[in-house]
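Participant: What would the 3D arrangement of this be:
(one chain, ligands or ions: 2)
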Amino acid sequence: MRLKKIFSVVLAAGLIFAAAPAAELTAVATSTNNNTTGNLKNATALSAGKQVTGSLTESAKEKSYKFTAPDSGFLSFYIERTDATSTNQPTWKAEVFDSEARMISSVTETSFYTQTVMVQKDSLYYLRITGVQNAVNEKYGVTAQFTEYEDVIAGAGQSAENPVKISLGKKYVGTLDSASDADYIQLSSDSSGYVKMSLKKYVSSISAKADWRFELYDSEMNNLYTLQSSYQTDSLNTENLYLVIPAGQSYTIKISGSQSTAGLLYALDTAFTSTNLVETEPNNSFANPDKIKLKKTYSGALAETSTKDYFVYKATKTAKHTVNVTLSNELEKGYNVLVYDADRNLVISKEGVVKKGKVSFKAKKGKKYYVVIEHAASGTPSVNALYKIKLTSK
Ligand SMILES: [Ca+2]
Ligand SMILES: [Ca+2]
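Facilitator: Ligands and ions are numbered 1, 2, ... in the order given. Okay, the predicted model is just below:
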(Lines give C-alpha, C1' and ligand atoms only; values in the text may rest on other atoms or scores of the structure.)
(Ligands and ions follow the chains in the order given, each with its own letter.)
Protein backbone atom coordinates (compact mmCIF):
# COMPACT_ATOMS: atom_id res chain seq x y z
CA MET A 1 0.00 0.00 0.00
CA ARG A 2 2.69 2.44 0.99
CA LEU A 3 4.84 1.53 -2.00
CA LYS A 4 1.90 2.07 -4.29
CA LYS A 5 1.38 5.49 -2.82
CA ILE A 6 5.01 6.45 -3.28
CA PHE A 7 4.84 5.30 -6.85
CA SER A 8 1.73 7.21 -7.78
CA VAL A 9 2.85 10.45 -6.18
CA VAL A 10 6.27 10.38 -7.76
CA LEU A 11 4.98 9.25 -11.10
CA ALA A 12 2.40 12.01 -11.26
CA ALA A 13 4.95 14.59 -10.16
CA GLY A 14 7.39 13.35 -12.74
CA LEU A 15 4.84 13.55 -15.52
CA ILE A 16 4.03 17.10 -14.61
CA PHE A 17 7.73 17.97 -14.65
CA ALA A 18 8.10 16.40 -18.03
CA ALA A 19 5.11 18.21 -19.47
CA ALA A 20 5.43 21.66 -17.94
CA PRO A 21 7.49 24.39 -19.57
CA ALA A 22 10.95 24.56 -18.06
CA ALA A 23 10.67 28.20 -17.04
CA GLU A 24 7.86 27.44 -14.63
CA LEU A 25 10.00 24.99 -12.74
CA THR A 26 12.95 27.27 -12.21
CA ALA A 27 13.68 27.36 -8.53
CA VAL A 28 14.45 30.67 -6.93
CA ALA A 29 17.05 30.22 -4.25
CA THR A 30 16.37 33.25 -2.12
CA SER A 31 13.79 35.93 -1.74
CA THR A 32 14.45 39.28 -0.17
CA ASN A 33 10.76 39.75 0.65
CA ASN A 34 9.86 38.87 4.16
CA ASN A 35 6.76 36.93 3.33
CA THR A 36 6.15 35.83 6.89
CA THR A 37 4.89 39.32 7.68
CA GLY A 38 2.33 39.02 4.87
CA ASN A 39 -0.12 36.32 4.08
CA LEU A 40 2.12 33.40 5.07
CA LYS A 41 1.73 34.32 8.73
CA ASN A 42 -1.98 33.48 8.60
CA ALA A 43 -1.50 30.29 6.61
CA THR A 44 -4.00 27.46 7.02
CA ALA A 45 -2.45 24.21 8.26
CA LEU A 46 -2.69 21.21 5.93
CA SER A 47 -2.55 17.53 6.92
CA ALA A 48 -0.90 15.02 4.62
CA GLY A 49 -3.23 13.64 1.96
CA LYS A 50 -6.34 15.60 3.07
CA GLN A 51 -7.75 17.98 0.50
CA VAL A 52 -8.76 21.45 1.63
CA THR A 53 -10.92 23.54 -0.69
CA GLY A 54 -10.84 27.28 -1.14
CA SER A 55 -11.34 30.08 -3.57
CA LEU A 56 -10.02 33.55 -4.16
CA THR A 57 -12.14 36.69 -4.36
CA GLU A 58 -11.65 40.22 -5.68
CA SER A 59 -10.61 41.35 -2.23
CA ALA A 60 -8.66 38.23 -1.17
CA LYS A 61 -6.31 37.73 -4.10
CA GLU A 62 -4.12 35.12 -2.45
CA LYS A 63 -4.32 32.42 0.19
CA SER A 64 -1.61 30.62 2.08
CA TYR A 65 -1.21 27.16 3.52
CA LYS A 66 1.41 25.50 5.62
CA PHE A 67 2.58 21.98 6.23
CA THR A 68 4.86 20.57 8.91
CA ALA A 69 6.64 17.38 7.91
CA PRO A 70 5.77 14.56 10.36
CA ASP A 71 8.97 12.78 9.35
CA SER A 72 11.71 13.03 6.76
CA GLY A 73 10.40 12.44 3.26
CA PHE A 74 9.41 14.28 0.17
CA LEU A 75 6.68 16.80 -0.27
CA SER A 76 4.73 18.37 -3.07
CA PHE A 77 1.38 20.13 -3.11
CA TYR A 78 -1.38 19.23 -5.51
CA ILE A 79 -3.73 21.97 -6.70
CA GLU A 80 -6.79 21.25 -8.83
CA ARG A 81 -10.00 22.88 -9.99
CA THR A 82 -12.85 21.29 -8.04
CA ASP A 83 -15.88 22.90 -9.69
CA ALA A 84 -16.59 20.62 -12.64
CA THR A 85 -19.50 22.78 -13.82
CA SER A 86 -17.34 25.84 -14.40
CA THR A 87 -16.63 26.67 -18.01
CA ASN A 88 -13.77 28.98 -17.11
CA GLN A 89 -10.18 27.91 -17.52
CA PRO A 90 -8.81 29.23 -14.26
CA THR A 91 -5.08 29.25 -13.68
CA TRP A 92 -3.43 29.55 -10.33
CA LYS A 93 0.10 30.25 -9.35
CA ALA A 94 1.43 28.07 -6.53
CA GLU A 95 4.59 29.15 -4.80
CA VAL A 96 6.35 26.98 -2.23
CA PHE A 97 8.43 28.59 0.52
CA ASP A 98 10.58 27.19 3.27
CA SER A 99 10.13 28.19 6.93
CA GLU A 100 12.30 31.28 6.36
CA ALA A 101 9.97 32.36 3.54
CA ARG A 102 12.57 31.64 0.89
CA MET A 103 10.87 30.66 -2.32
CA ILE A 104 11.61 27.13 -3.49
CA SER A 105 9.45 26.85 -6.58
CA SER A 106 6.69 28.51 -8.52
CA VAL A 107 4.28 26.79 -10.92
CA THR A 108 1.32 28.23 -12.83
CA GLU A 109 -1.35 25.83 -14.11
CA THR A 110 -4.97 24.69 -13.73
CA SER A 111 -4.38 21.29 -12.08
CA PHE A 112 -0.86 20.49 -11.10
CA TYR A 113 1.75 19.31 -8.64
CA THR A 114 4.35 21.66 -7.30
CA GLN A 115 7.98 20.64 -7.51
CA THR A 116 8.93 17.89 -5.08
CA VAL A 117 11.12 18.94 -2.18
CA MET A 118 13.03 16.68 0.16
CA VAL A 119 12.14 17.50 3.73
CA GLN A 120 13.39 16.75 7.20
CA LYS A 121 11.21 15.83 10.14
CA ASP A 122 9.46 18.83 11.74
CA SER A 123 10.43 21.24 8.95
CA LEU A 124 7.78 23.76 7.95
CA TYR A 125 6.79 24.67 4.38
CA TYR A 126 4.40 27.26 3.03
CA LEU A 127 2.30 27.29 -0.09
CA ARG A 128 0.88 30.50 -1.50
CA ILE A 129 -1.88 30.36 -4.10
CA THR A 130 -2.49 33.40 -6.27
CA GLY A 131 -5.01 33.79 -9.08
CA VAL A 132 -3.50 34.34 -12.49
CA GLN A 133 -6.43 34.10 -14.89
CA ASN A 134 -10.20 33.53 -14.46
CA ALA A 135 -9.53 32.47 -10.88
CA VAL A 136 -11.88 34.76 -8.97
CA ASN A 137 -14.52 32.69 -7.14
CA GLU A 138 -13.29 29.49 -8.78
CA LYS A 139 -13.09 26.63 -6.32
CA TYR A 140 -9.82 24.79 -5.97
CA GLY A 141 -8.64 21.92 -3.84
CA VAL A 142 -5.19 21.80 -2.30
CA THR A 143 -3.51 18.70 -0.91
CA ALA A 144 -0.15 18.23 0.75
CA GLN A 145 1.33 15.09 -0.83
CA PHE A 146 3.82 13.83 1.67
CA THR A 147 5.75 10.58 1.36
CA GLU A 148 7.85 9.39 4.23
CA TYR A 149 11.31 8.11 3.48
CA GLU A 150 13.74 7.06 6.13
CA ASP A 151 16.87 8.46 4.58
CA VAL A 152 16.42 11.63 2.64
CA ILE A 153 19.34 13.71 1.51
CA ALA A 154 18.09 17.17 2.24
CA GLY A 155 19.54 20.39 3.45
CA ALA A 156 20.10 23.83 2.05
CA GLY A 157 23.56 25.29 1.79
CA GLN A 158 25.34 22.06 0.98
CA SER A 159 28.87 22.57 -0.28
CA ALA A 160 32.15 20.74 -0.50
CA GLU A 161 33.01 22.20 2.92
CA ASN A 162 29.62 21.36 4.37
CA PRO A 163 28.53 17.98 2.97
CA VAL A 164 25.71 15.80 4.22
CA LYS A 165 27.15 12.82 6.08
CA ILE A 166 25.58 9.49 5.27
CA SER A 167 25.84 6.02 6.75
CA LEU A 168 27.12 3.23 4.55
CA GLY A 169 24.72 0.44 3.73
CA LYS A 170 21.60 2.59 3.68
CA LYS A 171 19.57 3.73 0.73
CA TYR A 172 19.13 7.45 0.30
CA VAL A 173 16.84 9.51 -1.83
CA GLY A 174 17.63 13.03 -2.93
CA THR A 175 16.77 15.58 -5.55
CA LEU A 176 18.42 18.53 -7.22
CA ASP A 177 16.27 21.63 -7.00
CA SER A 178 17.58 23.29 -10.12
CA ALA A 179 20.07 22.94 -12.94
CA SER A 180 22.74 24.68 -10.88
CA ASP A 181 22.15 22.76 -7.65
CA ALA A 182 24.63 20.13 -6.44
CA ASP A 183 24.49 17.69 -3.54
CA TYR A 184 27.65 16.98 -1.57
CA ILE A 185 27.59 13.74 0.36
CA GLN A 186 30.32 12.49 2.66
CA LEU A 187 31.00 8.88 3.52
CA SER A 188 33.54 7.19 5.73
CA SER A 189 33.95 3.99 7.67
CA ASP A 190 35.52 2.96 10.95
CA SER A 191 36.69 -0.28 9.41
CA SER A 192 38.39 -0.95 6.09
CA GLY A 193 36.47 -2.46 3.21
CA TYR A 194 34.85 -1.59 -0.05
CA VAL A 195 31.76 0.30 -1.07
CA LYS A 196 29.60 -0.63 -4.03
CA MET A 197 27.67 2.43 -5.05
CA SER A 198 24.80 2.99 -7.41
CA LEU A 199 23.01 6.12 -8.49
CA LYS A 200 19.65 5.67 -10.16
CA LYS A 201 16.40 7.41 -10.76
CA TYR A 202 14.23 6.63 -7.76
CA VAL A 203 11.32 5.63 -9.99
CA SER A 204 12.76 4.27 -13.19
CA SER A 205 9.43 4.25 -15.02
CA ILE A 206 9.42 8.03 -15.25
CA SER A 207 10.42 8.67 -18.82
CA ALA A 208 12.48 11.79 -18.19
CA LYS A 209 16.12 11.06 -18.91
CA ALA A 210 18.43 11.41 -15.97
CA ASP A 211 21.81 12.82 -16.78
CA TRP A 212 23.32 13.22 -13.39
CA ARG A 213 26.99 13.83 -13.07
CA PHE A 214 28.54 11.69 -10.35
CA GLU A 215 31.93 12.72 -9.01
CA LEU A 216 33.98 11.13 -6.28
CA TYR A 217 36.65 12.97 -4.31
CA ASP A 218 39.09 11.96 -1.62
CA SER A 219 39.39 13.88 1.65
CA GLU A 220 41.59 16.51 0.01
CA MET A 221 39.05 16.97 -2.79
CA ASN A 222 41.23 15.29 -5.39
CA ASN A 223 38.90 13.95 -8.05
CA LEU A 224 39.01 10.16 -8.21
CA TYR A 225 36.46 9.72 -10.92
CA THR A 226 33.58 11.33 -12.73
CA LEU A 227 30.66 9.63 -14.44
CA GLN A 228 27.95 11.16 -16.54
CA SER A 229 25.03 8.78 -16.15
CA SER A 230 23.70 9.47 -19.65
CA TYR A 231 26.93 8.08 -21.09
CA GLN A 232 26.53 4.76 -19.32
CA THR A 233 25.21 1.73 -21.19
CA ASP A 234 22.06 1.93 -19.16
CA SER A 235 21.57 5.65 -19.07
CA LEU A 236 19.19 5.47 -16.14
CA ASN A 237 21.60 3.74 -13.85
CA THR A 238 25.12 4.28 -12.68
CA GLU A 239 25.95 1.02 -11.00
CA ASN A 240 28.87 -0.99 -9.72
CA LEU A 241 30.97 1.97 -8.79
CA TYR A 242 33.53 0.65 -6.38
CA LEU A 243 35.49 2.50 -3.79
CA VAL A 244 38.01 0.77 -1.56
CA ILE A 245 38.33 2.54 1.74
CA PRO A 246 40.88 2.17 4.49
CA ALA A 247 39.54 2.65 8.02
CA GLY A 248 38.85 6.22 9.00
CA GLN A 249 39.24 7.81 5.56
CA SER A 250 36.47 10.02 4.28
CA TYR A 251 35.30 10.63 0.73
CA THR A 252 32.92 13.08 -0.86
CA ILE A 253 30.38 12.37 -3.56
CA LYS A 254 29.15 15.27 -5.63
CA ILE A 255 25.92 14.85 -7.59
CA SER A 256 25.03 17.55 -10.06
CA GLY A 257 22.65 17.67 -12.98
CA SER A 258 20.97 19.79 -15.56
CA GLN A 259 17.54 21.27 -16.18
CA SER A 260 16.23 17.83 -17.07
CA THR A 261 17.14 16.40 -13.67
CA ALA A 262 15.70 19.27 -11.62
CA GLY A 263 13.06 17.81 -9.36
CA LEU A 264 13.76 14.19 -10.33
CA LEU A 265 14.42 11.95 -7.40
CA TYR A 266 17.64 10.00 -7.32
CA ALA A 267 18.38 6.95 -5.20
CA LEU A 268 21.88 6.53 -3.87
CA ASP A 269 22.88 3.16 -2.53
CA THR A 270 26.18 2.48 -0.79
CA ALA A 271 26.57 -1.20 0.09
CA PHE A 272 29.59 -1.78 2.30
CA THR A 273 31.62 -4.95 2.69
CA SER A 274 34.14 -5.04 5.48
CA THR A 275 37.48 -6.63 4.72
CA ASN A 276 40.86 -6.23 6.36
CA LEU A 277 43.14 -6.38 3.36
CA VAL A 278 42.69 -3.41 1.09
CA GLU A 279 44.98 -1.25 -1.00
CA THR A 280 45.80 2.17 0.42
CA GLU A 281 45.89 5.10 -1.97
CA PRO A 282 48.03 6.78 -3.06
CA ASN A 283 49.89 3.75 -4.36
CA ASN A 284 50.47 5.08 -7.86
CA SER A 285 54.18 4.46 -8.38
CA PHE A 286 57.18 2.36 -7.42
CA ALA A 287 57.76 4.90 -4.66
CA ASN A 288 54.62 4.05 -2.65
CA PRO A 289 53.51 0.46 -3.22
CA ASP A 290 51.24 -1.51 -0.87
CA LYS A 291 53.04 -4.44 0.75
CA ILE A 292 51.45 -7.80 0.04
CA LYS A 293 51.97 -11.29 1.41
CA LEU A 294 51.62 -14.76 -0.05
CA LYS A 295 48.17 -16.43 -0.04
CA LYS A 296 46.33 -13.30 1.10
CA THR A 297 43.58 -11.66 -0.94
CA TYR A 298 43.68 -7.89 -1.34
CA SER A 299 40.86 -5.69 -2.65
CA GLY A 300 41.44 -2.69 -4.86
CA ALA A 301 39.74 -0.42 -7.36
CA LEU A 302 41.00 1.73 -10.19
CA ALA A 303 39.89 5.33 -10.44
CA GLU A 304 39.69 7.26 -13.69
CA THR A 305 42.67 9.31 -12.67
CA SER A 306 45.73 8.15 -10.67
CA THR A 307 45.13 5.03 -12.62
CA LYS A 308 47.75 2.58 -11.37
CA ASP A 309 47.99 0.51 -8.24
CA TYR A 310 51.40 -0.73 -7.12
CA PHE A 311 51.99 -3.66 -4.79
CA VAL A 312 55.31 -5.04 -3.59
CA TYR A 313 56.16 -8.57 -2.49
CA LYS A 314 59.37 -9.85 -0.95
CA ALA A 315 59.76 -13.50 -1.99
CA THR A 316 59.81 -15.92 0.91
CA LYS A 317 61.08 -18.77 -1.26
CA THR A 318 62.54 -19.51 -4.66
CA ALA A 319 59.64 -20.91 -6.66
CA LYS A 320 57.11 -20.33 -9.36
CA HIS A 321 54.70 -17.61 -8.20
CA THR A 322 51.32 -16.74 -9.66
CA VAL A 323 49.38 -13.48 -9.43
CA ASN A 324 45.65 -14.22 -9.59
CA VAL A 325 43.34 -11.33 -10.46
CA THR A 326 39.55 -11.49 -10.28
CA LEU A 327 37.18 -8.68 -11.20
CA SER A 328 33.77 -8.30 -9.57
CA ASN A 329 32.11 -8.06 -12.95
CA GLU A 330 33.17 -8.43 -16.55
CA LEU A 331 34.55 -5.28 -18.16
CA GLU A 332 34.82 -4.45 -21.82
CA LYS A 333 38.48 -3.35 -21.78
CA GLY A 334 39.61 -4.67 -18.44
CA TYR A 335 42.87 -4.24 -16.58
CA ASN A 336 46.50 -5.07 -17.27
CA VAL A 337 48.54 -6.99 -14.72
CA LEU A 338 52.29 -6.42 -14.76
CA VAL A 339 55.13 -7.88 -12.69
CA TYR A 340 58.45 -6.04 -12.28
CA ASP A 341 61.64 -7.07 -10.53
CA ALA A 342 63.44 -5.01 -7.89
CA ASP A 343 65.29 -3.10 -10.62
CA ARG A 344 61.94 -2.19 -12.17
CA ASN A 345 62.44 -4.33 -15.24
CA LEU A 346 59.27 -5.86 -16.59
CA VAL A 347 59.21 -9.60 -15.87
CA ILE A 348 55.83 -10.53 -17.33
CA SER A 349 52.51 -8.96 -18.13
CA LYS A 350 48.96 -9.95 -18.95
CA GLU A 351 46.94 -7.41 -20.89
CA GLY A 352 43.21 -6.81 -20.74
CA VAL A 353 41.97 -9.05 -17.96
CA VAL A 354 38.23 -8.56 -18.24
CA LYS A 355 37.03 -10.93 -15.51
CA LYS A 356 39.70 -13.38 -14.37
CA GLY A 357 43.36 -13.74 -15.20
CA LYS A 358 46.76 -14.78 -13.91
CA VAL A 359 50.43 -14.39 -14.61
CA SER A 360 53.22 -16.61 -13.36
CA PHE A 361 56.88 -15.86 -12.80
CA LYS A 362 59.89 -17.41 -11.14
CA ALA A 363 60.75 -15.59 -7.94
CA LYS A 364 63.99 -15.76 -6.02
CA LYS A 365 63.94 -15.88 -2.24
CA GLY A 366 64.65 -12.50 -0.65
CA LYS A 367 64.10 -10.53 -3.86
CA LYS A 368 61.45 -7.84 -4.27
CA TYR A 369 58.80 -7.97 -6.98
CA TYR A 370 56.27 -5.35 -7.92
CA VAL A 371 52.76 -6.16 -9.10
CA VAL A 372 51.03 -3.36 -10.98
CA ILE A 373 47.34 -3.13 -11.92
CA GLU A 374 46.41 -0.57 -14.54
CA HIS A 375 43.68 0.21 -17.05
CA ALA A 376 43.98 -1.59 -20.39
CA ALA A 377 45.75 0.73 -22.80
CA SER A 378 42.89 1.86 -24.99
CA GLY A 379 39.37 3.01 -24.38
CA THR A 380 37.58 4.79 -21.58
CA PRO A 381 38.92 3.85 -18.16
CA SER A 382 36.38 1.60 -16.53
CA VAL A 383 35.69 2.24 -12.86
CA ASN A 384 32.79 -0.18 -12.63
CA ALA A 385 34.60 -3.05 -10.96
CA LEU A 386 36.34 -4.16 -7.83
CA TYR A 387 39.40 -6.33 -8.28
CA LYS A 388 40.98 -8.85 -5.95
CA ILE A 389 44.55 -10.00 -6.22
CA LYS A 390 46.12 -13.04 -4.57
CA LEU A 391 49.68 -14.20 -4.86
CA THR A 392 50.34 -17.94 -4.65
CA SER A 393 53.42 -20.13 -5.08
CA LYS A 394 54.21 -23.76 -5.85
CA1 LIG B 1 43.42 1.94 -6.48
CA1 LIG C 1 46.36 3.87 -7.19
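Participant: Just list the residues touching the residue lying closest to residue 239 once chain neighbours are set aside, thanks.
Facilitator: Nearest residue to residue 239, sequence neighbours excluded (CB to CB, 6 or more residues apart in numbering): residue 198, at 4.3 Å. C-beta: built from backbone N, CA, C; applies to glycine. Applying CB atoms under 8 Å, 6 or more residues apart in numbering to residue 198 gives the contacts 237-241, 267-269.
Participant: Kindly report the same for residue 267.
Facilitator: By CB under 8 Å, 6+ apart, the neighbours of residue 267 are 171-173, 198-202.
Participant: about what we covered before: out of the contacts of residue 198, flag the one nearest to residue 95.
Facilitator: Among those, residue 267 lies closest to residue 95 (CB to CB), at 28.0 Å.
Participant: What's opposite that closest one in the beta bridge?
Facilitator: Note on residue 267: beta-bridge partners by DSSP bridges are residue 173, residue 200.
Participant: List buried residues within the contacts of residue 267.
Facilitator: 172-173, 198-202 (16 or more other CB atoms under 10 Å).
Participant: Lowest-confidence one in those residues?
Facilitator: Across the buried ones among the contacts of residue 267, the smallest pLDDT goes to residue 202, namely 72.
Participant: Could you check how far residue 45 is from residue 75?
Facilitator: Note on residue 45: its distance to residue 75, by CB to CB, to the nearest Å, is 14 Å.
Participant: Quick one: residues contacting the residue of the chain positioned farthest from its centre.
Facilitator: Distance from the C-alpha centroid of the chain peaks at residue 318, with 49.1 Å (CA atoms, centre = their mean). By CB under 8 Å, 6+ apart, the contact list for residue 318 reads 362-365.
Participant: now swap in residue 247 and tell me
Facilitator: Residue 247 neighbours (CB under 8 Å, 6+ apart): 189-192.
Participant: Just the buried subset of those residues, please.
Facilitator: Counted by 16+ other CB under 10 Å, the contacts of residue 247 give 189, 192 as buried.
Participant: what's the farthest-apart pair in the contacts of residue 247?
Facilitator: Pairwise distances across these (CB to CB) peak at 9.1 Å, for the pair 190 and 192.
Participant: that's a strand at residue 140, yeah?
Facilitator: Yes: counting by DSSP: H, G, I helix; E, B strand; the rest coil, residue 140 falls inside a strand.
Participant: Neighbours of it, how many?
Facilitator: Per other CB atoms under 10 Å, the neighbour tally for residue 140 reads 24.
Participant: Can you name the residues bridging to it?
Facilitator: residue 54, residue 81.
Participant: isn't it right next to residue 82, touching?
Facilitator: Yes: applying CB atoms under 8 Å, one finds residue 140 in contact with residue 82, separated by 6.1 Å.
Participant: Mind listing the shared neighbours of the two?
Facilitator: residue 53.
Participant: close to ligand 1, is stretch 185-195?
Facilitator: No: Stretch 185-195 does not reach ligand 1 (CB under 5 Å from the ion); its nearest approach is 10.7 Å.
Participant: first to last residue in that stretch, what's the distance?
Facilitator: 14 Å (CA to CA, to the nearest Å).
Participant: what's in contact with it?
Facilitator: So stretch 185-195 is contacted by 153, 163-166, 168, 172, 174, 242-255, 268, 270-278, 299, 301, 386 (CB under 8 Å, 6+ apart).
Participant: SS state for the residue of the stretch 101-250 of the chain found nearest ligand 1?
Facilitator: Going by CB to the ion, ligand 1 is nearest to residue 244 of the stretch 101-250 of the chain, at 6.4 Å. What three-state DSSP gives for residue 244 is strand.
Participant: got any ranges where this structure has weak pLDDT?
Facilitator: For the chain, applying pLDDT under 70 flags the ranges 1-38, 149-152, 154-157, 203-209, 229-237, 305-306, 378-380.
Participant: Can you find the residue of it that comes nearest to ligand 1?
Facilitator: Residue of the chain nearest ligand 1, by CB to the ion: residue 309 (4.2 Å).
Participant: And for that residue, the neighbour number?
Facilitator: For residue 309, the neighbour count with other CB under 10 Å is 26.
Participant: do residue 195 as well
Facilitator: A count of neighbours around residue 195, defined by other CB under 10 Å, yields 22.
Participant: For it, which non-adjacent residue is spatially closest?
Facilitator: residue 243 (4.6 Å).
Participant: That neighbour reaches residue 197, doesn't it?
Facilitator: Yes: when contacts are counted by CB under 8 Å, residue 243 is listed as touching residue 197 (6.7 Å).
Participant: Now residue 341: closest residue in space that isn't a chain neighbour?
Facilitator: residue 347 (5.5 Å).
Participant: next one: residue 365
Facilitator: Nearest non-adjacent residue to residue 365, counting by CB to CB, 6+ apart: residue 318, 4.5 Å away.
Participant: hang on, isn't residue 148 packed against residue 72?
Facilitator: Yes: with contacts counted by CB under 8 Å, residue 148 reaches residue 72, the gap being 7.2 Å.
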